[in-house]
Every structure is written in C-alpha cells, then in structure tokens.
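Peer 1: Here is the input, now give the coordinates:
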Amino acid sequence: MKKSTKILIITLSCLLIAGGAGAFALFSGFFEQATFEKITDNELFKELPLLENESAVYNEPEDVGAGNTLLWIHNISYNDYTAYLKLLEKNGYVKFADNGEGGLEGYVYMAHYQKDDLTFTVTYYMRLYDVSINACRNAVLSDRMIFRDDYAAGNIPGAKTTLTVLELNKAGNSFVFQLKNGHYIVNDGGVAGEIFYLLDFLEEHAPGGEKPVVEAWFISHAHQDHMGVLRALLVRPELAQRISVEGLYFTSASDAANEERRGSEMMGALTALVLNSVAAMKTSDGSATPLYRMHAGERYYFSDITVDVVFEQSVLDYREWTTSNAQSTTLMYTVEGQKVYIPADTDYECQLKTLDIYDDKYFDLAIYLTPHHGGNVYDRITDHLTYKTVVDSGRAFSDSASGLLSRFEQQKHLISRSEEHLAWGEGGLIFTFPYSVGEFERLPLVDWTIYQADMDAILK
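Peer 2: Okay, the predicted model is just below:
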C-alpha cells in the first residue's frame, strides 16, 4: 500500500472518531453529489446537481407552458453561476449553446445544457442576483444561437440591411428585416387578412425573383393582431407554399396563466393556432419548419445582425400580470452597431421588470418601436431609454388623444425626448442601416380594396 493512501485512511478514520456524524457527512460528500431532489420532488429536477449556496432561496418549480418547468433561485452570485455550469459539465451535461462570453452586455448570462432527453436552460440575472433553471424534455433548440464565421458569406455585394414597418389595415405589428443575403426576419405579421399584403411584399423584394426565405419568424404573443397571419397559413396551406420558413420562434404560457389572467381566456386557443401553423410551413430544403421556444437571455445570429431575447413571459410571475399582453416576448435587434427595440405589447409591470434587469446603458437605441401600437407608453419607462427615432401607430396615438389624456401626455413626453417621431399608420416605413435621422423612406398607402375579397374569405 502506498504511503499517501495510508495517510488518507488514517486521517479519515481520525475524523470519523473525533467528529462523529459531522465528519461522516464530510466523508460521504466525497462520493455523493447533492441534487435538487433534496428540495423538490419535481420529476425533471430529481437528478440535476443542486446549486448550493448558504444564502440561496429556492422557489418551488412551476409549469410555464409547453412542457417547460421553471425554478427560481435567489441570492446567487455570478461566481456561483459560473461554478454551477462547471458542475453540470462535470456531471455529464453537455453545453449546446450560450449567449457569449459577455452575455447580453453583462446583464443576463444564459446557457443550454443537455443530457439524455432533458434540456436545462440556466439563466443568471446579474442585477437581480437570481438564477432561473428551465427544464424540458425533448426540447428543440435553434442552431442560430451558435455563432459561425460564415454567416455573412452569402451576403449580396453592396447590399444593406433594411427594416420595413408595414402598414396594416387593422391594429397590430408587422415588422420585416431584410438581411444582406436577401433573406428575411419577420416579427409578428398582423391579423389574418393581412397575409396577402405581407406575402406580396416578401415576393416583390426577394432577390432575383426567388422564392422568399424567412430565416426566422418571431411571434411576440398569441393575439390575433400579431399572429393572425399564421392562422391564415393554417387555413390556406397554399399560401404557406409561397415562402420558405427556416424557423418559427414563439413562447407560450401555461394553462394556469391563461386561465387566471384577465384577457387570457382566448390565449390557449390562439397558441394552438400558432403550433398548428407550423405544420403548414416548410424550410428551403423541404423539411418541416421547426418551432423554437424563446428564453430570456438568448442571442441569435443571422447573416449580419443579432437578436437578443430581452424579456419573455416566464420572467415575471403570471400572478403579477395585468393582462395577457404580459405574454409578449420583447426583442433587441442590433444592426450595424445600432439597436432597434421591439417590446411588442408589454404592460407596465413587464416594462418595470425589464428595467430591473437592464440599466439605461443597454437601451441606447437608434429606433424605438413603441409597445402596444403606441398605447402602452409610460413616462417612467421613457426616461429610462435613450432613442433617436420613435415609431408608433398613428391610429393608436389618435385613440389615446381622444380618450386617455394621461396617456396622451405620456406620449407627448415620449416624442419630446426623440429627434424624430414617425407613425406607421400613415403608410409603411423603410429604414436602411446604418440609419441616420431623416433618411427613412415612406411607402405609398395600401389600397386594401384589392385584398378585400381574400380578407373576407380568410376571416370567415
């Protein structure tokens, strides 16, 4: 027997004799890794290594929709977080992707780990000292979270990235980025009847008359004025054949959230429409379009831009929601070093939570597309942002002016802090990057009568 081995046995024996049960616990710790089973009987977390800290406070895991379960842990340092990631790897968990060495500019760090059929998404909120761990079986993860040097290889020489804020016949959002490779990113899309205008626009601007390729279609939340176009693709599959969609990105809420929150009663059915719409879509190679769930802290890479998931519904306890607009996922697009912020329909409590997570340095914006078509604007939020160009819906602004003086005053405050105020209710807008104030292009007003018959048929 080696001398070092004899010393170790003698030392441990002395500890057991002198320290009793405490020493035995120390001894057994060499051989047993603590798991979350010690604090919860949730099936998904039973074998996951425990994130231990003397001051840690653990919430009970909660269903956050579509088979995802979320566990919050409070009073955690960044060093605790990084040590935990190493512990996962030591226990056989393989990292699929993270959001980069610096996270989302140092505010949110996120990494996906997989083992067998389980995926664990570990997210650290630097300013909150909180960690969330999302668990899901058979999760589908987007490889757009993995940066590749060749993303820009297919770019068209001399091409520039554009953002088109499409005019809509109804209230809603329809934002289209065209990348330097000629492909698109679609954000929402509007109500069902507006699918015809959207498809015409994509086809008209696709390079060389090719079939339009949508590299990513982001749906902020399952309200008809944001995802109704997907309903149209489900009802009319021949429309889906006009485009290729490489990935659909959508985060659904739990049944409990839909049942409890005011205005959420229709969200379950609308969510099902989003999920079913995927079946009607194909990628450019003819395979089924994958559906990806967005998680806060994720960063996606495309040919020449990045997209950050700033906020999604599970960041805020659904019992704190005011309306179902709190299910909105908010995104930050960075193009040529300029930020475009799309907060969808987020309510006040969502926006306040966002301010808790990020300080004003993160919100140094080139373009701010106001939430809820210009309706959910608050001076406290406005004062937290820096922006040059602010864009809202002319319709929403008029409605606010006629019925809600306080909101109207808040929007006046919003506009007063900008260098440029525009409304998409007066016709679509095109921004070319890098963008300078005053260099937008105004599209002609749409003649909606040419789409009327098709819109009526879709909406029946």
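Peer 1: What is the subsequent helix or strand relative to the helix or strand bottoming out on mean pLDDT in the chain?
Peer 2: Every helix and strand in the chain was compared by mean pLDDT, DSSP states H and E; the lowest is helix 3-29, with a mean of 42. Next helix or strand after helix 3-29 toward the C-terminus (DSSP states H and E): strand 57-58.
Peer 1: name the helices or strands packed onto the helix or strand following that next one?
Peer 2: Next helix or strand after strand 57-58 toward the C-terminus (DSSP H and E): strand 62-65. Helices and strands touching strand 62-65, by 3 or more CB pairs under 8 Å, 6 or more residues apart in numbering; DSSP states H and E, are strand 68-74, helix 255-260. Yep, even glycine has a C-beta here, placed from its N, CA and C like the rest.
Peer 1: Please identify the buried residues of the shortest one?
Peer 2: Judged by neighbour count using 16 or more other CB atoms under 10 Å, the buried positions of helix 255-260 are 257-258.
Peer 1: do the first one as well
Peer 2: Taking 16+ other CB under 10 Å as the basis for neighbour counts, the residues of strand 68-74 that come out buried are 68-73.
Peer 1: which residues sit against whatever helix or strand comes next after it?
Peer 2: Per DSSP H and E, the first helix or strand lying C-terminal to strand 68-74 is helix 78-90. Here helix 78-90 makes contact (CB atoms under 8 Å, 6 or more residues apart in numbering) with 49, 51, 53, 56, 95, 109, 111, 113, 120, 122, 124, 126, 131.
Peer 1: cool, and stretch 56-74?
Peer 2: Stretch 56-74 is contacted from outside by 36, 39-40, 42, 44-45, 51, 75-76, 80, 129-139, 251-257, 271, 293, 313-314, using CB under 8 Å, 6+ apart.
Peer 1: List buried residues within the residues you listed.
Peer 2: Using 16+ other CB under 10 Å as the burial test, the contacts of stretch 56-74 include 36, 39-40, 42, 44-45, 51, 76, 80, 129-136, 139, 251-254, 257, 271, 293, 313-314 as buried.
Peer 1: Spell out which residues make up each domain of the protein.
Peer 2: Listed by automatic domain parsing, the domain ranges of the chain are 36-139, 157-459.
Peer 1: so how far is the first one from its chain's centroid?
Peer 2: What it means is domain 36-139. 17 Å (CA atoms, centre = their mean, to the nearest Å).
Peer 1: can you check the longest one too?
Peer 2: Remark: domain 157-459 is offset 11 Å from the chain centroid, using CA atoms, centre = their mean.
Peer 1: Closest one to F302 out of the buried residues of strand 68-74, please.
Peer 2: For the buried residues of strand 68-74, the residue nearest F302 by CB to CB is N68; the value is 24.7 Å.
Peer 1: Please name the spatially closest residue to E210 (chain neighbours excluded).
Peer 2: Spatial nearest neighbour of E210, chain neighbours left out: G182 (7.5 Å); criterion: CB to CB, 6 or more residues apart in numbering.
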